[in-house]
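>>> Sequence and predicted structure below; questions after.
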Amino acid sequence: MGDDDGLLSIIVENKQYFLDLPVQQTIMMLHDNGYHRDYLEQEIERIDARLGKKIKIEISAKITPEQKRESRAEKPEKNGFEVVKKRWIDERTNAWIISAECCGRIAKACSEQAMRKYESARFA
């Protein structure tokens, strides 16, 4: 499954979540250049026209030559793929969400961590 189709399947599975957002609230989705903004916007509208008002797609800029030089200066032994922090967040988030087994573990861990923080704050 390609990046675009993976993202669209996430949106379809969570359609009601997006539609239930407050009227003025939108979700900005930042993606790398493996995604196609025009295609995604068109498909989101096709899924449900109301989603087009809720979900905004932004494609992050490609790595600049300056960023590439800085990255190589930090780790001269490294070759190939250069991490752009915004893009990396996007890729990892989508990979976790798409993987149902992994997503369940992450959601449970986050929920447990949030409850522990809540409990410690409540008793502090």
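Arrived safely, thanks for sending. Numbering: from 1, shown residues only.
>>> In this protein, what residue spans correspond to strands?
Using DSSP state E, the strands of the chain run over 27-31, 55-59.
>>> I'd like to know which elements the first one is packed against.
Strand 27-31 is packed against helix 3-13, strand 55-59, helix 85-98, with contacts defined by 3 or more Cβ pairs under 8 Å, 6 or more residues apart in numbering; DSSP states H and E. For glycine as for every other residue, the C-beta is placed from the backbone atoms N, C-alpha and C.
>>> hey, least reliable of the ones you listed by pLDDT?
Among these, helix 85-98 carries the lowest mean pLDDT, a mean of 56.
>>> quick revisit: so which of the strands of the chain is nearest residue 75?
Residue 75 lies closest to strand 27-31 among these, at 24.4 Å (Cβ to Cβ).
>>> Pull out the buried residues from the closest one.
Neighbour-count burial for strand 27-31, counted by 16 or more other Cβ atoms under 10 Å, picks out 29, 31.
>>> Direction included, what does that strand pair up with?
Partner strands and pairing direction for strand 27-31 (DSSP bridges) are strand 55-59 (parallel).
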